[in-house]
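In: Build the 3D model from these lines:
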Amino acid sequence: MQRIEKVVGQARAAFNSGRSRSLEFRIQQLKALERMVKEKEKEILAALHADLHKGGPNAYSHEILGVLAELNLAMEKLPSWAAPQPVKKNLMTMRDEAYINYEPLGVVLIIGAWNYPFVLVMHPLIGAIAAGNAVVVKPSEVSENTAQLVADLLPQYLDRSSPDYERIVNKRHFKRVLGLLEGQKIAHGGESDEASCFIAPTILTDVSPDSKVMEEEIFGPVLPIVTVKSVEEAIEFINCREKPLALYVFSNNKKLIRRVISETSSGAMTANDVLMHVVVPGLPCGGVGNSGMGAYHGRYSFETFSHRRTCLIKDLKLEVVNKTRYPPGSQERVNVAKFMLLKHCKDCRVGQFLSALLGAVKAVMAKIFSP
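Out: Numbering: from 1, shown residues only. Modelled structure (predicted):
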């Protein structure tokens, strides 16, 4: 009984998330069903033969062909089926808008029958998905081979609490992340499945800055929201903690964005998006302070894992230049050293000028240091 309640609860949470309502999602799921039937045709026919000794053209036409035809029809017609249907109006309502809008029922249960164990699950399943519902499927236990096949295949092809969502790496971290939700106000999500280490994307509101979820890196699909009264308070909140690996600002005000950049510190900063700084090869990706050391991406990766070894090979032909370093000292030598060390670094033009005058300088120094 508890397992049934859990399954229904997961289906209800999936429906309440709203993702099954969009036409794009419904058609995507119908395409996944079509792919399943085509890719697993031999397995389906084998299960039907094992249960009912039904095989050959009859099995294909009765169970497979009808399902594919139903899927093609639903995918082609769904946009028009789901569109608002205008109705005839009378004189009193002729200037009004009157139409029928089709809404999904919510969570529906489909119970299969043993005599047509595949098609009598699939046909209502197609309709339920097309209508935007979350579905719990219970194949007939009498036709056990087909029932087991349906139970194995549907989760591989259809969205289930989604296959696009990643899982927590192991049970220890699953329990750790789940523990961060204890005592918190969950505005969205919160569903979990320990067997697969799955935690649904979860939003927490009215979070205390001193709560456990704010004291460590989450490494999970949990977003705690702390409300502040002003930009100043937000900046102060950031700066009184360790420097983050990434900082995100969402605003139409570029002046505000630049203020946050100038008054905070973080490994990276992206405005009006998340993570996109990671895909730019020319930008270094890394932390600062407790959020990390070094950076990677392109040349930055190479430099991070390279030792900057200092090398200098003197030209013995210009030993006359070295005499400025040797005692006894004189003001003339100091003036030459100042010229060589300070003036030539100002810009490239000065450097080029010095190169052109190298011969003249050499002659002057030779005269100064001659015995």
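In: Can you name the residues that contact residue 251?
Out: 257, 271, 272 (C-beta atoms under 8 Å, 6 or more residues apart in numbering). Any C-beta I mention is one placed from the backbone N, CA and C, and that applies to glycine too.
In: how near is the nearest residue to the last one once chain neighbours are set aside to residue 270?
Out: Put plainly, it is residue 272. Excluding the flanking residues, the one nearest residue 272 by C-beta to C-beta, 6 or more residues apart in numbering is residue 250, at 5.5 Å. Separation of residue 250 from residue 270 (C-beta to C-beta, to the nearest Å): 10 Å.
In: Between the two, which is the more surrounded one?
Out: Comparing residue 250 with residue 270 by other C-beta atoms under 10 Å, the one with more neighbours is residue 270, at 18 against 10.
In: Which secondary structure state does the more buried one sit in?
Out: Here residue 270 is recorded as strand under DSSP: H, G, I helix; E, B strand; the rest coil.
In: My guess is it contacts residue 276. True?
Out: Yes - using C-beta atoms under 8 Å, residue 270 is in contact with residue 276, at 5.7 Å.
In: Name the residues contacting each of these two.
Out: By C-beta under 8 Å, 6+ apart, no residue touches both residue 270 and residue 276.
In: got a list of what the residue nearest the centre of the chain touches?
Out: What sits nearest the mean C-alpha location of the chain, by C-alpha atoms, centre = their mean, is residue 275, with 7.8 Å. For residue 275, the contacting residues are residue 246, by C-beta under 8 Å, 6+ apart.
In: how about residue 59, secondary structure?
Out: Relying on three-state DSSP, one would call residue 59 helix.
In: now the strands for the stretch 251-371 of the chain?
Out: Secondary structure of the stretch 251-371 of the chain, counting by DSSP state E, counting those that start in this stretch: strands at 268-271, 285-286, 295-296.
In: Looking at the ones you listed, which one is packed in the most?
Out: Most buried of those, by mean neighbour count (mean count of other C-beta atoms under 10 Å): strand 285-286, with a mean of 20.
In: what sits up against that strand?
Out: 267, 268, 277, 278, 292, 293, 294, 295, 296, 297, 300, 304.
In: repeat for stretch 296-307
Out: In contact with stretch 296-307 (C-beta under 8 Å, 6+ apart) are residues 280, 281, 282, 283, 284, 285, 286, 294, 295.
In: Nearest spatial neighbour of residue 170, chain-adjacent residues omitted?
Out: Leaving out its chain neighbours, the residue that sits closest to residue 170 by C-beta to C-beta, 6+ apart is residue 197, at 6.6 Å.
In: From residue 283, how far off is the residue nearest to the centre of the chain?
Out: As judged by C-beta to C-beta, residue 275 and residue 283 stand 12 Å apart.
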